[in-house]
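Trainee: any chance you can model this:
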Amino acid sequence: MEILSVRSSPNFLFRENSDNSSSYTELEAQFGTATKAQTAFHIDETNADTPDFSAISASELRQYARQSFDAGAIDQDTFAAISEPLPMRTIDPSGNILDLSDITDATSFNFRDYYKDQLQIATSIGDPQTVARLDSVVSFLNV
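Mentor: All right, here's what the predicted structure looks like:
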């Protein structure tokens with residue numbers, strides 16, 4: 001005597017009809033396979049909604065830079081330069097000392113002008129590595 005498992009026997013899967021196609025559609029309706037699966041991971045397009053870099057918080061800038069880095073729009077050096085925290089004090093191109101100690105991650109700040117000024121200072125000093133890094137940051141912020 002041969003013993004067959006009920007699970008593996010094709011005869012017991014759908015006993016309603018000899019044509020199993022109608023049973024499949026009934027099952028699809030039961031389980032709702034027509035609903036669209038949600039995307040588990042999504043990278044926003046960098047050109048779709050560009051933020052205003054003249055009034056953005058540091059955390060928002062880092063988040064946008066991270067998305068751009070993940071999408072391949074910027075390189076690692078540019079991302080690293082944008083991710084660095086602001087110094088407590090800096091100078092402007094005129095030589096005036098600016099106090100940035102009250103700028104936090106949630107404070108809106110004009111990063112576009114800040115990096116343009118830093119690029120101008122680095123150009124006048126003549127540091128080619130800093131100039132190249134700041135030039136890539138400024139070009140990213142001028143999108």
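
Trainee: and Gly126, how far from Arg133?
Mentor: As judged by Cβ to Cβ, to the nearest Å, Gly126 and Arg133 stand 14 Å apart. No exception for glycine: its C-beta is placed from N, CA and C like everyone else's.

Trainee: and the strands in this protein, which stretches?
Mentor: 56-57, 89-91, 97-99, 108-109 (DSSP state E).

Trainee: can you name the residues that contact Gln76?
Mentor: By Cβ atoms under 8 Å, 6 or more residues apart in numbering, Gln76 lies in contact with Phe69.

Trainee: also Tyr115?
Mentor: Leu134, Val137, Val138, Leu141.

Trainee: which residues in the protein form helices?
Mentor: For the chain, the helices defined by DSSP state H cover 21-31, 58-71, 76-83, 111-125, 128-141.

Trainee: now do the nearest residue to Ile91 once chain neighbours are set aside: how many residues are near it, please.
Mentor: Leaving aside its sequence neighbours, Ile91 sits nearest to Ile97 (Cβ to Cβ, 6 or more residues apart in numbering; 5.8 Å). If you count neighbours by other Cβ atoms under 10 Å, Ile97 ends up with 8.

Trainee: what separates Ile97 from Ala81, distance-wise?
Mentor: Applying Cβ to Cβ to Ile97 and Ala81 gives a distance of 22 Å.

Trainee: same question, Val137
Mentor: As judged by Cβ to Cβ, Val137 and Ala81 stand 5 Å apart.

Trainee: any common contacting residues for those two?
Mentor: Common neighbours of Val137 and Ala81 (Cβ under 8 Å, 6+ apart) do not exist.
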